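1. Quick one: sequence plus predicted model below, questions after.
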Amino acid sequence: MQTADTGLLFQTNQQLDAAAQRKLKFVASEDVGSPITVTSKILDVQVIWPNAWTAESGWLARHLDLEVSTVFMDSWVRPPMLTLDWRD
């Protein structure tokens, strides 16, 4: 490969393609927002847009609004919830 850019010397075409893909991914994700952080391991999750409910190992049942932030946390659950089940 011929180039006049000294920053591209000693890079393979595959490395250059990977850098271009990373740049596209970065540009596409600039306006996505922040990830939702949780403090314990998620054991189960149920999603009914725009809400999600998680059962966590830290003895928490968490209700999340996926467009905004945490809505409700219930820490009375003992022992850790392993699954979530919807009953009509």
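-> Yep, that arrived.

2. Which parts of this protein are helices?
-> Taking DSSP state H as the test, the helices found in the chain are 13-28.

3. quick one: the most centrally placed residue in the chain from Leu16, how far?
-> What sits nearest the mean C-alpha location of the chain, by CA atoms, centre = their mean, is Pro35, with 5.5 Å. As for Pro35, its distance to Leu16 is 29 Å (criterion: CB to CB, to the nearest Å). Where C-beta positions appear, they are placed from N, C-alpha and C, glycine not excepted.

4. in the chain, what spans have low per-residue confidence?
-> For the chain, the stretches with pLDDT under 70 are 1-3, 6-8, 69-88.

5. ranges for the strands of it?
-> In the chain, the segments counted as strands under DSSP state E are 42-48, 51-56, 60-65, 70-74.

6. Return the most buried member of those.
-> strand 51-56 (a mean of 19; mean count of other CB atoms under 10 Å).

7. How far off centre is it?
-> Relative to the centre of its chain, strand 51-56 is centred 14 Å away, using CA atoms, centre = their mean, to the nearest Å.
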